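# fold the following.
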Amino acid sequence: MAAKRASTCRWQKTTLTPAWQSTSPNLRSLAGFAPASPPSLKALTASLRVSSTPSPFKKPPPTICFYSGFPDTFNSFHKVYPAYLKTHHVIISIMPYYDQKSLPFSSPFGPSFPSVVSRLDAILAPAVAAGSPITLVGHDWGAYISSRFVAQHPSVVDKLVLLDVSTSLDPASLPLIVMYQLTSVLSFLLGLVPIVGRFIGLLPIVLYPWKTIGPTPSEWNMPRDKMEVRPFMCYPYFQMFLGSPLSGDWKYLSPKLPETVPTMFCYGGRKRCFFHNREFLRTLHEREGSEYHEMNCGHWIQTQQPERLVELMNDFGV
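The predicted model follows:
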């Protein structure tokens, strides 16, 4: 993606286009929408429209993109994004195909990480072309994809907010993290079995002792409208352990955040495992314009401490 450039056109209001009507095959499978209407309105793709037609806006409003992870629905940030509807162009995105019932036949093992990063590139492309300042907010796998995107396109994003997942893992938490993630890989592989896969693929996840050795023992019973687990949704774990090593993408599994992008990292302190290490926190502390915060909650910061998160984001200059 090219570096951001100033737009010579005046700004027109955002137009919502149903994903199934999109002429772009990339946008059809991108799970993103601008919630100018109720968040239950799924399968919408936001498009920033710039035109030479006179408009009350002399310049594009800032863009904020919320990117959630496994196994979240579009409602994951429902307590956070309303705070920015009047001041920002808001985009809500989930992992590709998480709004579908299965993976497409053309991609039975799920999209690769480079492909997912490219899809995020496509989501943000209109904002970049319009010269809109961009804040990227990622949680869980959304934080990982956001980190990879910023590492590849440091000139595109103005501010980065990572929620509970960093680019480096806590060594002490690694055994428990690997165990549940390998269980997710098994769930994905069992889900590939014809006819019965959608049922037997859930068994490893359902039978896993989350309350005793899970990373977030008190959070598995989240409201169904915030998360919905299907075996195929575990494809990021498959890509991490098998897809990326086989494709050569393993070299880029630990992205290095550029110093030029101010980064705020928020993590829940009430967990058994941590998806960051001390070195990562020290780097943010020493980097000008970056910061980190421990929250009095678990993994799903955006649903457990939404008011505090909005306060920290505003103080961060979002």
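# and stretch 273-291, average pLDDT?
For stretch 273-291, mean pLDDT rounds to 95.
# buried sites along it?
273-277, 280-281, 283-284, 290-291 (16 or more other CB atoms under 10 Å). In this view, the C-beta of every residue, glycine as well, is placed from N, C-alpha and C.
# which residues in the chain form helices?
25-29, 113-130, 141-152, 174-191, 197-200, 203-207, 210-213, 235-238, 244-247, 278-286, 301-304, 306-315 (DSSP state H).
# now do the buried residues in the last one.
Going back to what we said before, that points to helix 306-315. The neighbour-count check on helix 306-315 (16+ other CB under 10 Å) flags 306, 309-310, 312-313 as buried.
# which among the buried residues of stretch 273-291 gets closest to residue 158?
Distance to residue 158 across these (CB to CB) is lowest for residue 290, with 13.0 Å.
# quick one: contacts for that closest one?
262-265, 283-284 (CB atoms under 8 Å, 6 or more residues apart in numbering).
# in this structure residue 237 contacts residue 179, no?
No - between residue 237 and residue 179 there is no contact under CB atoms under 8 Å: 11.7 Å.
# look at these two and report which has more neighbours.
Using other CB atoms under 10 Å as the criterion, residue 237 and residue 179 rank with residue 237 on top: 22 against 16.
# quick check: residue 119 touching residue 94?
No - the criterion here is CB under 8 Å, and residue 119 misses it with residue 94 at 11.1 Å.
# compare these two (neighbour count), which wins?
residue 94 (27 against 22).
# hmm, that one is touching residue 71, no?
No - counting by CB under 8 Å, residue 94 does not reach residue 71; the two are 9.3 Å apart.
# now for residue 119 and residue 94: what residues contact both?
When contacts are counted by CB under 8 Å, 6+ apart, residue 119 and residue 94 have no shared neighbour.
# got the contact list for the residue nearest to residue 95 when sequence neighbours are not counted?
Spatial nearest neighbour of residue 95, chain neighbours left out: residue 141 (5.8 Å); criterion: CB to CB, 6 or more residues apart in numbering. Contacts for residue 141 (CB under 8 Å, 6+ apart) come out as 69-70, 95, 165, 236.
# how does this protein divide up, domain by domain?
Per automatic domain parsing, the structural domains of the chain span 10-171+259-315, 173-245.
# rewinding a little: and the gap between the residue nearest to residue 95 and residue 203?
22 Å (CB to CB, to the nearest Å).
# surely residue 97 and residue 234 touch.
No - Residue 97 is beyond contact range of residue 234, at 11.8 Å (criterion: CB under 8 Å).
# pick the one among the contacts of residue 141 closest to residue 127.
For the contacts of residue 141, the nearest to residue 127 is residue 95 (20.0 Å; CB to CB).
# can you give me the neighbour number for that closest one?
24.
# likewise for residue 305?
By the criterion of other CB under 10 Å, residue 305 has 21 neighbours.
# now do the contacts for it.
By CB under 8 Å, 6+ apart, the contact list for residue 305 reads 295-297.
# considering these, which possesses the most neighbours?
residue 297 (22 neighbours).
# quick check: the gap between the nearest residue to that one once chain neighbours are set aside and residue 279.
Sequence neighbours aside, residue 304 is the residue nearest to residue 297 in space, at 3.9 Å (criterion: CB to CB, 6+ apart). Per CB to CB, residue 304 is found 26 Å from residue 279.
# same check on residue 154?
For residue 154, the distance to residue 279 - CB to CB - is 20 Å.
# thinking again about what came up before, of the contacts of residue 141, closest to residue 183?
residue 70 (12.6 Å).
# skip the chain neighbours and tell me the closest residue to that closest one.
The shortest distance from residue 70 to any residue other than its chain neighbours is 5.3 Å, reached at residue 141 (CB to CB, 6+ apart).
# format the contacts of residue 290 as TSV; extra columns: distance to residue 172.
Listed next are the contacts of residue 290 as TSV, based on distance: CB to CB, whole Å:
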residue	distance to residue 172
262	29
263	23
264	24
265	18
283	19
284	20
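# picking up where we left off before, residue 97 and residue 234 - which one has more neighbours?
residue 234 (26 against 20).
# endpoints of stretch 243-259, how far apart?
End-to-end span of stretch 243-259 (CA to CA, to the nearest Å): 29 Å.
# okay, buried residues for that stretch please.
243-244, 249, 255, 257.
# show residues contacting it.
By CB under 8 Å, 6+ apart, the list of residues contacting stretch 243-259 reads 109-110, 112-114, 147-148, 150-152, 154, 160, 167-168, 240, 263, 287.
# let's see that with 6 Å instead.
Here stretch 243-259 makes contact (CB atoms under 6 Å, 6 or more residues apart in numbering) with 112-113, 147-148, 151, 154, 167, 263, 287.
# which of those sits closest to residue 197?
residue 112 (21.0 Å).
# for residue 140, see how far away the closest residue in space to residue 275 that isn't next to it in sequence is.
Among residues not flanking residue 275 along the chain, residue 165 sits closest, at 4.4 Å (CB to CB, 6+ apart). Distance, residue 165 to residue 140, by CB to CB: 6 Å.
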